[in-house]
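>>> Structure of the sequence below:
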Amino acid sequence: MYRRYSQVGDGAMPLSQVNRNRIKNIIILLLIVALTVLLIISLPLIRNKGNVRTQYIQQLRRECQEAYNNTQTLSRTAGADSAEILASVRSNIHAMRVVNNLSGAGGNGYLVDDGRLSSLIGTVEEYLGILTTGMETGQYVTSLSTSLADLQAAISNLE
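The predicted model follows:
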């Protein structure tokens, strides 16, 4: 009668086949271990991605609040400390731009329109220009305060 394939010969596998199977099993085991380790490492990172966005929003709120508070201390006429206060406001706006760009580059999306922040920096630069001439600065204080209040409202709606 016909013999089965497994019954051909003495039934023992050649030594090279045993070694190949052993190596294949070791490689499969190593891949499974590597995949498990990768999952264990990446799960907290994936969970923290939402936390990063929350931290960016909190930082934007702090910087905007500080800029707004500094703007409220500006006088309607060119005060002695107005340039220093405006420099602080400008640094707050720059910090907001950096946080916004980090958020966009990190895959969380931009939190605030960059044009809005550029407009604020432009207003601060115009204000500094007028400040050096000694002209009336009331409209710039109002414009800056209003723009920062609007930005603060927009940031407070972020989640």
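
>>> How many neighbouring residues does residue 106 have?
Residues near residue 106, counting by other Cβ atoms under 10 Å, number 12. (Each C-beta comes from the backbone N, C-alpha and C, glycine too.)

>>> Ignoring the adjacent residues along the chain, who's closest to it?
residue 52 (6.6 Å; Cβ to Cβ, 6 or more residues apart in numbering).

>>> So which elements touch whichever strand or helix holds residue 54?
In the assignment (DSSP states H and E), residue 54 maps to helix 15-72. Counting by 3 or more Cβ pairs under 8 Å, 6 or more residues apart in numbering; DSSP states H and E, the packing neighbours recorded for helix 15-72 are helix 82-105, helix 138-156.

>>> For those, could you give me JSON lines that also reports mean neighbour count?
What follows is these, written out as JSON lines (neighbours: other Cβ atoms under 10 Å):
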{"stretch": "helix 82-105", "mean neighbour count": "18"}
{"stretch": "helix 138-156", "mean neighbour count": "16"}
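
>>> which other residues reach stretch 92-107?
Applying Cβ atoms under 8 Å, 6 or more residues apart in numbering, the external contacts of stretch 92-107 come out as 49, 52-53, 56, 59-60, 63-64, 66-67, 70, 109-112, 114, 117, 120-121, 124.

>>> roughly how far apart are the residue nearest to residue 106 and residue 153?
Per Cβ to Cβ, to the nearest Å, residue 52 is found 23 Å from residue 153.

>>> what does residue 139 give?
21 Å.

>>> And residue 67, by the same measure?
Counting by Cβ to Cβ - residue 67 and residue 153 are separated by 14 Å.

>>> Check the contact lists of the two and give me the overlap.
With Cβ under 8 Å, 6+ apart, residue 67 and residue 153 have no common neighbours.

>>> From start to finish, how long is stretch 107-122 in a straight line?
For stretch 107-122, the first-to-last residue distance is 28 Å (Cα to Cα, to the nearest Å).

>>> Alright, that wraps it up for me.
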